[in-house]
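> Sequence first, predicted coordinates after that:
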Amino acid sequence: MSSASTIITCPNCGTKNRVRPTASGVPRCSVCHTLLPWIVEATKDSFQEEVTASVPVLVDFWAPWCGPCRMVSPLVERMGRENAGRLKVVKLNTDEAPEISMRFSVQGIPLLVLIKDGSEVDRMVGAVPFERLRQWLEPHLEPTHERA
């Protein structure tokens, strides 16, 4: 197991929280207990650990040279922020992890793959507007139980 962690700033109180990959639960602020947006950058070594989560995982396959990827990335991160506690976003640079790209049969990027309970349940290729992304994703997310 890797000991990868991500620093996530609480949108409520501004506290910086160290969040490690975990298969159970969702991250909350250590100070005010607000649900945190779970958005992480994965590497080829941390990918498997990062996509194992108690909530659906949206994997953003991208590359720095890809213009459409740069358009989609902020939308994907916005989905992660708006669905704190319901969704984990994992960003993977395909140039740095070709074997994972092959495993997921990545033919073109940007590619968004939705993983639930360790299995791929859906994918979307190409740059799409935010509302289309939301409509595609919403049926796969659990209803909101609380708004912290």
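All right, it came through fine.
> ranges for the strands of the protein?
6-9, 16-19, 38-42, 57-62, 88-93, 111-116, 119-125 (DSSP state E).
> Partner strands of the fifth one and their direction?
This points to strand 88-93. Strand pairing for strand 88-93, determined by DSSP bridges: strand 38-42 (parallel), strand 57-62 (parallel).
> Roughly how far does Phe47 sit from Arg103?
Distance of Phe47 to Arg103, given as Cβ to Cβ, to the nearest Å: 9 Å. Every C-beta, even on glycine, is put in place using the N, C-alpha and C of the backbone.
> more crowded one of the two?
Set Phe47 next to Arg103 and count neighbours by other Cβ atoms under 10 Å: Phe47 wins out with 20 against 10.
> Verify the contact between the more buried one and Ala97 for me.
Yes. Phe47 lies in contact with Ala97 (Cβ atoms under 8 Å); the separation is 6.5 Å.
> what ranges of this structure fall below the confidence cut-off?
Scanning the chain for pLDDT under 70 picks out 1-3, 144-148.
> In the helix ranked longest in the chain, which of the residues would be classed as buried?
In the chain, with assignment by DSSP state H, the single longest helix is helix 67-82. Neighbour-count burial for helix 67-82, with 16 or more other Cβ atoms under 10 Å as criterion, is recorded at 69, 72-73, 75-76, 78-80.
> again with stretch 123-130
Quick answer for stretch 123-130 (16+ other Cβ under 10 Å): 123-124, 127-128.
> With stretch 105-115 instead?
106, 109-115.
> Count residues in the vicinity of Ile34, would you?
For residue 34 the amino acid is Thr, not Ile. Counted with other Cβ under 10 Å, Thr34 comes out at 19.
> quick one: it and Arg28 touch, right?
Yes. Using Cβ under 8 Å, Thr34 is in contact with Arg28, at 6.5 Å.
> Share the number of residues neighbouring the closest residue to Val26 other than its chain neighbours, please.
With Cβ to Cβ, 6 or more residues apart in numbering as the criterion, Val26 has its nearest non-adjacent residue at 4.8 Å, and that residue is Gly85. Counted with other Cβ under 10 Å, residues neighbouring Gly85 total 22.
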